[in-house]
Each structure stands twice: as structure tokens, then as C-alpha cells.
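**Q** Sequence and predicted structure, then a few things I'm wondering about:
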Amino acid sequence: DAGVIQSPRHEVTEMGQEVTLRCKPISGHNSLFWYRQTMMRGLELLIYFNNNVPIDDSGMPEDRFSAKMPNASFSTLKIQPSEPRDSAVYFCASTPGGRPYEQYFGPGTRLTVT
Amino acid sequence: QQQVKQSPQSLIVQKGGISIINCAYENTAFDYFPWYQQFPGKGPALLIAIRPDVSEKKEGRFTISFNKSAKQFSLHIMDSQPGDSATYFCAARGGGGGADGLTFGKGTHLIIQP
């Protein structure tokens, strides 16, 4: 199994630009989570989906952030417009239906906004 | 509001010693308490987990101790090895209302000296 796949692994962009992060969950998993990791705030849950439906987006910091899951094998997290304070590592995680307590994390996308 | 408090922030242990990391939580609706291990440049990986109806769980050199009345739980790493050097996060799942995402502690940077 390839595990959770995220792209790009690194992204450097200028303030004001649109950024799109991508995630492919493990095949057969039915829940997907987006987390953000910073030194100051640690790991924070942004949003999660069950069976492609957004369940809880209360962690999304602002309207500049949006997430979609058009099908079971793909999700995106978009930031528009990006700001320097959005610089962080963004992780995607997925969970198997039979074991909803086990979250498998991807390698993350390191985002730098200058 | 920090719902899961983790200590210490950093820890240095001699090879062969016991590493102990502590966490405390506030929300009694949490129903699952995992520990994650993260190496530099990688996503967190599930290490071991416990439910609140169990006081202890052991897997190899890793043990979780859980005190429901005190709302505390801890990770013990026996016979610590240099390969255990990583950042460890405690987490809690749930919190009522069908919340499936994890709330993480701030992490402990563990160094095992050879």
C-alpha cells in the first residue's frame, strides 16, 4: 500500500497568491482529515470528511481556506489569498471504515508564504 | 483553550533508560487516547492507543498508563534506544457531537543518548 499521498511536498509562494494542496487517501479509507502543524500552535485539525462529505470545518481559520473532496480518492485544501501567517506544514490523514480510531498521516506539504 | 496538555516539552534519556511523557485532558467526552511518533520531515505515525475503560496497555517496549479519575495518561518507553529519538504527541479523540478529529498535545522532543 502506498500510504497517504500528498502533493506538492514543498510549496513557496508570494503573499496574495492562491495555493492548492492535494491529498490522495489510502484506498478503502472513508474518512479524511486535514491538519496544520506550526511551532507555535502544534498540530491543529482544520476539517474532516466522512464518505466525501464535510463533517466539521470549525478548525478552518478563515474564509480564505476551503477544502473539497470530489470523490473517495482525492481531496484539496485551497488558500486564497495566501498570507505569511499561513506558512506551516499541512498534513492529510485518512482512516479505515472498520477502525475509525486509527489515523494514517501523509508526509505533509511544507508551505512557505513570503 | 488547550484541551490536552503535554509535558515535558523536551526530554533527554540515556540508552537503556525509561522515557516517561505525561498528558492531561479536560474534556471527559474524549473516548480514545492515541500516541503518535514523528520523525523530522515525516508525518505522525500511530504508536499505541488506549480507551478510557482500560488502565494500562503494553505493546513491546511501549506502555500507556491511564488514570480516568485524574484525567491523565502517560507513555512509558522501556529500554529506550537511540532510534526512539523523535517527537511524541499524545492526542484525544471525540469530545461529543460526533467529533472524529484528534486534539493533540504540543509534543515532546525525546533524545536518547547512546
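**A** Sure, I can see it.
**Q** Quick check: which ranges of the chain have low pLDDT?
**A** No chain in the question, so chain A it is. For chain A, the stretches with pLDDT under 70 are A:1, A:98, A:100.
**Q** The intended chain is chain B.
**A** B:1-2, B:95-99.
**Q** And residue B:92, how far from residue B:7?
**A** According to CB to CB, to the nearest Å, residue B:92 stands 15 Å off from residue B:7. Where C-beta positions appear, they are placed from N, C-alpha and C, glycine not excepted.
**Q** repeat for residue B:23
**A** The spacing between residue B:23 and residue B:7, counted by CB to CB, is 8 Å.
**Q** Could you tell me which residues within stretch A:51-60 count as buried?
**A** For stretch A:51-60, burial by neighbour count (16 or more other CB atoms under 10 Å in any protein chain shown) applies to A:52, A:55-56, A:59-60.
**Q** will you turn those residues into JSON lines that also has secondary structure and distance to chain B?
**A** Below are these laid out as JSON lines (DSSP: H, G, I helix; E, B strand; the rest coil; distance: CB to the nearest CB, whole Å):
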{"residue": "A:52", "secondary structure": "coil", "distance to chain B": "14"}
{"residue": "A:55", "secondary structure": "strand", "distance to chain B": "7"}
{"residue": "A:56", "secondary structure": "strand", "distance to chain B": "6"}
{"residue": "A:59", "secondary structure": "coil", "distance to chain B": "7"}
{"residue": "A:60", "secondary structure": "coil", "distance to chain B": "12"}
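**Q** Tell me what the residue of chain A found nearest chain B is bridged to.
**A** With CB to the nearest CB as the measure, residue A:105 is the residue of chain A nearest to chain B, at 3.3 Å. Beta-bridge partners recorded for residue A:105 (DSSP bridges): residue A:93.
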